[in-house]
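Peer 1: model this:
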Amino acid sequence: MQDEEEEGDGTELQEQREGVPSEELHFGEKCFHGKLAGGRLKAQELLQQHAHLGDGTFLVRESDTFVGDYSLSFWRQGKVNHCRIKSKQERGQTKYYLIDTGAFDTLYNLISHYQTHPLRSQEFYMYLNEPVPQPNKHEGKEWYHANMTRTHAEELLKRVKYDGTFLVRPSEKEDNCFAISFRVENKLKHCRIKQEGRLFVIGTAQFESLVELVNYYEKHPLYHKVKLKYPINEDIIRRIGTDPEDSPLHVGGPAETYMDLDSFSGAFRATVKALYDYRAQRDDEISFCKHAIITNVVRLDGGWWRGNYGGKRQHWFPANFVEVLETQDASDDGSGDAMPLGTLQKGSIDIAGYTVDILQNWPGRGQDSVFRIVSPTQLVPIEIAAPSREEMQVWVLMIRETAQSANDKIQQRREMERSLRLAKELSNLIIYCRSVQFCSERIGNFTEMSSFPETKVEKWMSPQHCSFFLKYHRLQFSRVHPKGSRIDSSNYDPVHLWNCGCQMVALNYQTPDRPMQLNQGRFLQNGRCGYVHRPDFMHDDDYDPYDGTTLKSVHPITLSIKVIAARHLMKSGRGIVSPFVEIEIVGADYDSCRYKTGTIPDNGLNPVWNEAFMFDICNPSVALLRFVVQDEDMFGDPDVIRTR
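Peer 2: Prediction:
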């Protein structure tokens, strides 16, 4: 919204500003102070502070006494005056007035009228002139830096390696603009905040102050589930800051979006070898030939990975065109049970019998949240520092509860061993699956079942080994579970496992992500009874899940879908959605594809697309159809509104 005054005599409805209901035109004006904390006395204080603006200086606020009405406070001849702006209903419409003979359709029209027409009384004759400026509540906050540049902000953020670290500063490029600089997923992001009238706008969300904006995003995600958590300034850096990273957190000069560290190493990076030739379809994809080695690979869900090859860094390629090269850390020696967090794990402690103490007045620099783990069998206790006292309290509570639970289980097991007597004859009546270590050299029987972490089963889903895995599943059960390093309870893609005959694919049910949506779609079949029959062709010796020509007695289909329109689309946070629809076929690799409609900007009420799509599906028995309605956010990234 702009601050320009509309021309006219004020008695007729002035032209509405685009996208703003007429009854809310006043909401973004500088003169409107909303529910002013302190009410009448605060209004007097503000007018006295800005008395230098002269007679006619004014503000409008919500009335303390009359709910639903407003008050006009103005400065005249060294005194503060207050007038009640009354309201009434005429033919179902609210009218605002100071005197009965001059009613207006909106509060905005009333104020505009008295800026060009005088307020009249027996004592004075005066125009409303300058509005009282909005108080700068953000000044003095620990996260606000009035004289900070973008470069300096990045230097500070590099020193605190926590997602959600942030600061707010004026924009260097535009007047009446601010920027939130924050850290997320080892990237630095800068988000512009525009000041329009008295409102602060980020994306399509509006706030009455920067303080309200920051408070909101401390409770709601700003970007990729990350909230504003840790305000940063020079004092905090001196207490807890570390040296900045040697490598830059971003590339591309003045670009607004930053890239991840290529030098980052961990459980999520790998090296892969190409099984087939691939020609890039888009600028952000890699072209490679068979046997090419792609390094620094980030394995993501959804069938597409990122890696470095041929001078391109972190570009996309299809995951089913490559195989992961085995490393010493990722070998099939069963180390996943001992190291459930993979390379992220640096050690482990058996906390049964341990006690936890909180240390007071710890002398370390900025480390005032330290606790100690004491073992009755170790001479040297373990001392651990947390980022904050609140987080320390959570760790201490969880360790104590876990230790107590472990002690209770040990005690219960000892009591059961003493008191229970099991009848072997009764046990022999029960047929159950015995969990055994997987061995590809040995043929098992139907009462044996093996469990695999997702990282260990990847080898057996590759085109070279999938035929063995299919034959294995004709005789035995397998159970696949998420790797231990998924500490955020994320999930892996279950589709390739189903296509290779795996009977039990365990997922983190607490996370409603794409794999869980596919899992729900798969088990909608068979009356939702909890299991579905594998197609008959999976028992065929010639069946290859990567080759559609091996299918027998399977009839392909052509699916035509037209996306017409939607209505009443909303997002969980503030602002208006810019929706688009994504349609995806998920199944065999040769069938999997996705299309999306165009984006309808700022229309969640009744967006219309009228776009048609055609899908040729060779193997409909394993295919799922997924609809996703997404919103293009202020960063240009998609946010899921609804899936089906």
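
Peer 1: wouldn't Val211 be in contact with Lys137 here?
Peer 2: Yes - applying C-beta atoms under 8 Å, one finds Val211 in contact with Lys137, separated by 4.6 Å. (C-beta placed from N, C-alpha, C; glycine too.)

Peer 1: what residues of stretch 498-510 count as buried?
Peer 2: 498-502, 505, 507-508 (16 or more other C-beta atoms under 10 Å).

Peer 1: for Arg474, grab the count of nearby residues.
Peer 2: For Arg474, the neighbour count with other C-beta atoms under 10 Å is 12.

Peer 1: quick revisit: neighbour count for Val211 and Lys137, which is higher?
Peer 2: Between Val211 and Lys137, counted using other C-beta under 10 Å, the more crowded position is Val211 (18 against 14).

Peer 1: which residues touch that one?
Peer 2: By C-beta atoms under 8 Å, 6 or more residues apart in numbering, the residues touching Val211 are 137-138, 141.

Peer 1: recalculate using a threshold of 6 Å.
Peer 2: Counting by C-beta atoms under 6 Å, 6 or more residues apart in numbering, Val211 touches 137-138.

Peer 1: mind telling me what element it is part of?
Peer 2: In this structure, Val211 sits in helix 210-219 according to DSSP states H and E.

Peer 1: in that helix, what counts as buried?
Peer 2: 210-211, 213-214, 216-217.

Peer 1: what pLDDT, on average, does that helix get?
Peer 2: If you average the pLDDT over helix 210-219, you get 87.

Peer 1: alpha carbons only: can I get it in PDB?
Peer 2: C-alpha atoms of helix 210-219 as PDB (Å, rounded to 0.1, in the frame of the first residue of the first chain):
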ATOM      1  CA  LEU A 210       9.600  -5.600  12.700                       C
ATOM      2  CA  VAL A 211       9.200  -6.900  16.300                       C
ATOM      3  CA  GLU A 212       5.900  -8.600  15.400                       C
ATOM      4  CA  LEU A 213       7.500 -10.100  12.300                       C
ATOM      5  CA  VAL A 214      10.500 -11.500  14.200                       C
ATOM      6  CA  ASN A 215       8.200 -12.900  17.000                       C
ATOM      7  CA  TYR A 216       6.000 -14.600  14.400                       C
ATOM      8  CA  TYR A 217       8.900 -16.300  12.600                       C
ATOM      9  CA  GLU A 218      10.400 -17.400  16.000                       C
ATOM     10  CA  LYS A 219       7.300 -19.600  16.300                       C
END
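
Peer 1: how about the buried residues of helix 210-219 in CSV, adding distance to Ala403?
Peer 2: Formatted as CSV, the buried residues of helix 210-219 follow (distance: C-beta to C-beta, whole Å):
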residue, distance to Ala403
Leu210, 44
Val211, 42
Leu213, 42
Val214, 38
Tyr216, 38
Tyr217, 36
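
Peer 1: show me where the stretch 501-644 of the chain has its helices.
Peer 2: 514-522 (DSSP state H, counting those that start in this stretch).

Peer 1: so, low pLDDT: which residues of it?
Peer 2: 634-637, 644 (pLDDT under 70).

Peer 1: picking that back up, could you identify the helix or strand that succeeds the helix holding Val211?
Peer 2: Moving toward the C-terminus from helix 210-219, the next helix or strand (DSSP H and E) is strand 230-231.

Peer 1: got a list of what Ile382 touches?
Peer 2: By C-beta under 6 Å, 6+ apart, the neighbours of Ile382 are Ile373.

Peer 1: how about a cut-off of 8 Å?
Peer 2: 349, 372-373.

Peer 1: also Glu454?
Peer 2: Shown in contact with Glu454 (C-beta under 8 Å, 6+ apart): 480-483, 492.

Peer 1: repeat for Lys596
Peer 2: 580-583 are the contacts of Lys596 under C-beta under 8 Å, 6+ apart.

Peer 1: tabulate these (CSV), appending neighbour count and distance to Gln93.
Peer 2: Shown next, in CSV, are the contacts of Lys596 (neighbours: other C-beta atoms under 10 Å; distance: C-beta to C-beta, whole Å):
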residue, neighbour count, distance to Gln93
Phe580, 21, 37
Val581, 25, 38
Glu582, 17, 43
Ile583, 19, 44
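
Peer 1: which of the residues you listed fall within strands?
Peer 2: Residues of those located in strands (DSSP state E): 580-583.

Peer 1: got the residue ranges for the strands in the stretch 1-150 of the chain?
Peer 2: For the stretch 1-150 of the chain, applying DSSP state E, counting those that start in this stretch gives strands covering 58-62, 70-76, 79-90, 93-97, 103-104, 119-120, 125-126.

Peer 1: could you give the mean pLDDT of the second one?
Peer 2: Right, the one you point to is strand 70-76. 80.

Peer 1: and that strand, which strands flank it?
Peer 2: Take DSSP bridges as the rule and strand 70-76 pairs in its sheet with strand 58-62 (antiparallel), strand 79-90 (antiparallel).

Peer 1: top helix in this structure by residue count?
Peer 2: If you go by DSSP state H, the chain has its longest helix at helix 389-419.

Peer 1: pull out the buried positions in that helix.
Peer 2: Neighbour-count burial for helix 389-419 flags 392, 396, 399, 403 (criterion: 16+ other C-beta under 10 Å).

Peer 1: any chance of TSV for these, columns pLDDT and distance to Pro131?
Peer 2: Below are the buried residues of helix 389-419 laid out as TSV (pLDDT from 0 to 100; distance: C-beta to C-beta, whole Å):
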residue	pLDDT	distance to Pro131
Met392	85	48
Val396	87	52
Ile399	87	57
Ala403	84	62
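
Peer 1: could you chop the chain up by domain?
Peer 2: 22-126, 150-240, 269-343, 355-417, 431-539, 555-643 (automatic domain parsing).

Peer 1: quick one: distance of the third one to the chain centre.
Peer 2: Spelled out, it's domain 269-343. Put simply, domain 269-343 sits 25 Å off its chain's centre (C-alpha atoms, centre = their mean, to the nearest Å).

Peer 1: same deal with stretch 603-613?
Peer 2: Distance, centroid of stretch 603-613 to centroid of chain: 25 Å (C-alpha atoms, centre = their mean).

Peer 1: need the contact partners of stretch 609-619.
Peer 2: Residues contacting stretch 609-619 (C-beta under 8 Å, 6+ apart): 548, 551, 554, 556-565, 580-581, 583, 585, 587-588, 590-591, 593, 595, 597-598, 600, 623.

Peer 1: that older thread, any chance of the strands of the stretch 1-150 of the chain in JSON lines, with mean neighbour count and distance to Arg169 too?
Peer 2: Formatted as JSON lines, these follow (neighbours: other C-beta atoms under 10 Å; distance: least, C-beta to C-beta, whole Å):
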{"stretch": "strand 58-62", "mean neighbour count": "24", "distance to Arg169": "28"}
{"stretch": "strand 70-76", "mean neighbour count": "22", "distance to Arg169": "33"}
{"stretch": "strand 79-90", "mean neighbour count": "14", "distance to Arg169": "35"}
{"stretch": "strand 93-97", "mean neighbour count": "15", "distance to Arg169": "39"}
{"stretch": "strand 103-104", "mean neighbour count": "20", "distance to Arg169": "40"}
{"stretch": "strand 119-120", "mean neighbour count": "16", "distance to Arg169": "41"}
{"stretch": "strand 125-126", "mean neighbour count": "14", "distance to Arg169": "40"}
